[in-house]
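Enquirer: Pasting a predicted model and its sequence here:
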Amino acid sequence: MLTLAVLISGAGSNLRALLEATHEADFPARVIVVGADRQADGFAHAEAFGIPTLLVPFHDFESREEWGAELHAQLSVWQPDLLVLSGLMRLLPAPFVDAWAPRIINTHPAYLPEFPGAHGVRDALAAGVDQTGASVIVVDGGVDTGPILAQERVAVLPGDTEHTLHDRIKPVERRLLIDVVRRIAQGDLDLSAAAPTASSR
């Protein structure tokens with residue numbers, strides 16, 4: 001059974017979908033802890049499923065590196081097989097990435113390498129493209145530059161706003177994330193074949 005630690009910053013909609021999937025008896029992975037860099041609304045999902053939580057507030061530390069060191073220490077107690085970033089709006093420091101690589105995955109609301117960064121949906125609309133997408137990647141030392149594990153196109157419709165487009169991308173992200181976790185747990189997807197480093201951060 002693959003064990004997961006999920007890191008969030010906000011409402012945790014991807015977390016909720018993952019908890020529902022892993023709650024199924026035949027799903028080969030389980031969430032064992034949910035962590036956040038702030039007091040996140042998504043903790044309510046963890047509590048609803050009886051999952052322990054940990055809070056490492058970013059602003060309690062003088063540097064990103066100190067925050068990352070504490071987050072690493074707290075996660076290490078749980079010894080998860082895989083870290084899933086589910087809306088964590090915080091760049092992980094290089095030593096943290098190096099310590100866990102390649103066992104960190106993340107979703108992104110664009111068809112990478114198109115539109116990386118924090119505003120992938122907004123950037124796709126600004127570029128005037130007729131399609132964008134969703135991706136699941138291994139986290140490396142860059143910003144959305146890690147090996148791509150799964151991705152799917154999503155059409156940009158006439159009149160789309162950032163909100164309406166993101167609302168159509170989110171279900172695709174969730175489906176891809178759940179499928180990637182399942183494939184990793186079943187041994188069909190080998191993360192060790194892509195071992196990123198954080199040296200470029």
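Expert: Right, received. Where do you want to start?
Enquirer: Next up, identify which helix or strand residue 76 is on.
Expert: Using DSSP states H and E, residue 76 sits within helix 64-78.
Enquirer: Now do that helix, average pLDDT.
Expert: Looking at helix 64-78 alone, the average pLDDT works out to 97.
Enquirer: Contacts for the following helix or strand past that helix, please.
Expert: Once the chain leaves helix 64-78, the next helix or strand it forms, by DSSP H and E, is strand 82-85. The set of residues external to strand 82-85 that reach it, using Cβ atoms under 8 Å, 6 or more residues apart in numbering, is 2-7, 18, 29, 75, 100, 103-107, 139, 177, 181, 184, 191. In this view, the C-beta of every residue, glycine as well, is placed from N, C-alpha and C.
Enquirer: if we can go back for a sec, remind me what the helix holding residue 76 packs against, helices and strands.
Expert: Here helix 64-78 is seen to pack against strand 2-8, strand 29-36, helix 94-100 when contacts are counted using 3 or more Cβ pairs under 8 Å, 6 or more residues apart in numbering; DSSP states H and E.
Enquirer: For the chain, which segments count as strands?
Expert: Taking DSSP state E as the criterion, the chain contains strands spanning 2-8, 29-36, 53-55, 82-85, 104-108, 131-138, 148-155.
Enquirer: and the fourth one, which strands flank it?
Expert: Looking back up the chat, that one is strand 82-85. According to DSSP bridges, the neighbouring strands of strand 82-85, each with its direction, are strand 2-8 (parallel), strand 104-108 (parallel).
Enquirer: what inclination does the first one have with respect to strand 29-36?
Expert: Orientation check (axes from the mean of the first three to the mean of the last three Cα atoms, to 10 degrees): strand 2-8 against strand 29-36 gives 30 degrees.
Enquirer: So the residue nearest to residue 189 when sequence neighbours are not counted versus residue 103, what's the distance?
Expert: When the adjacent residues along the chain are set aside, residue 189 lies closest to residue 183, with 4.0 Å between them (Cβ to Cβ, 6 or more residues apart in numbering). With the distance defined as Cβ to Cβ, to the nearest Å, residue 183 ends up 14 Å from residue 103.
Enquirer: Of all the strands paired with strand 82-85, which one is nearest residue 133?
Expert: Nearest of those to residue 133, taken as Cβ to Cβ: strand 104-108 at 9.1 Å.
Enquirer: which stretches of the chain have low pLDDT?
Expert: Low-confidence regions of the chain, defined by pLDDT under 70, span residues 194-201.
Enquirer: So in it, which helix runs the longest?
Expert: With secondary structure taken from DSSP state H, the chain has its longest helix at helix 162-186.
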